[in-house]
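S.K.: got a structure for you, letters missing:
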């Protein structure tokens, strides 16, 4: 934005299929991309083959990559990420599967953190309410320590991402 007044043009800009200010209509339905024609024309990624292996061996520049990934391509099915079907199965997860798996784990680890690993948690089948009853007798500093660890963990995770 600071140098906008000195902007003259762009060198080596290829085809631009969509302008930056384009807004789709409510009844917009994209046309399917012809994978063979798209690959012949752009020499970017062959959408008929697994993408991860192609990206690993790719030799295009960062600017060409950024230009290509911002051009819309529509396929009736998602493009393959991995070659083997047994790996591809794990890339197509419904939204509710992730919380179903991780919420019990996060809850257990949160309880362990609150109890400060002071003793083993009882089996859920023997007395499922005991960990929740123990929460009422915890000192305030246990909640502060757990909250601080949670926030620090989120900051570290964000930086690593």
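M.R.: Sure, I can see it. Keep in mind the model is a prediction, meaning the values are calculated, not measured. Numbering: from 1, shown residues only.

S.K.: other SSEs contacting the longest helix seen in the chain?
M.R.: For the chain, the helix with the greatest residue count under DSSP state H is helix 140-160. Taking 3 or more Cβ pairs under 8 Å, 6 or more residues apart in numbering; DSSP states H and E as contact, the helices and strands that helix 140-160 lies on are helix 97-114. Using the backbone N, CA and C atoms, a C-beta is placed for each residue, glycine as well.

S.K.: ok, back up a step: name the residues of the longest helix of the chain that are buried.
M.R.: Judged by neighbour count (16 or more other Cβ atoms under 10 Å), helix 140-160 contains these buried residues: residue 146.

S.K.: can you give me the angle that helix makes with helix 97-114?
M.R.: Angle between the axes of helix 140-160 and helix 97-114 is 140 degrees (criterion: axes from the mean of the first three to the mean of the last three Cα atoms, to 10 degrees).

S.K.: tell me the mean pLDDT over helix 140-160?
M.R.: The average pLDDT within helix 140-160 is 92.

S.K.: Could you list the low-confidence segments of the protein?
M.R.: Where the chain drops to pLDDT under 70, the residues are 1, 8-18, 117-122, 124, 131.

S.K.: and the longest helix of the chain, how far from the chain's centre?
M.R.: Relative to its parent chain, helix 140-160 has a centroid offset of 22 Å by Cα atoms, centre = their mean, to the nearest Å.

S.K.: quick one: the helices in the protein?
M.R.: Under the criterion DSSP H, the chain carries helices at the ranges 35-42, 51-56, 62-69, 85-88, 97-114, 130-136, 140-160.

S.K.: now for those, which one comes closest to residue 24?
M.R.: Taking Cβ to Cβ as the criterion, residue 24 comes closest to helix 62-69 out of these, the separation being 18.4 Å.

S.K.: tell me which residues of the closest one are tucked away?
M.R.: Buried residues in helix 62-69, counting neighbours by 16+ other Cβ under 10 Å, are found at 67-68.

S.K.: what angle separates it from helix 35-42?
M.R.: Taking the same axes, to 10 degrees, helix 62-69 and helix 35-42 form an angle of 150 degrees between their directions.

S.K.: In JSON lines, list the helices of the chain along with distance to residue 23.
M.R.: Supplementary listing: the helices of the chain in JSON lines, determined by distance: least, Cβ to Cβ, whole Å:
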{"stretch": "helix 35-42", "distance to residue 23": "24"}
{"stretch": "helix 51-56", "distance to residue 23": "28"}
{"stretch": "helix 62-69", "distance to residue 23": "20"}
{"stretch": "helix 85-88", "distance to residue 23": "34"}
{"stretch": "helix 97-114", "distance to residue 23": "31"}
{"stretch": "helix 130-136", "distance to residue 23": "50"}
{"stretch": "helix 140-160", "distance to residue 23": "31"}
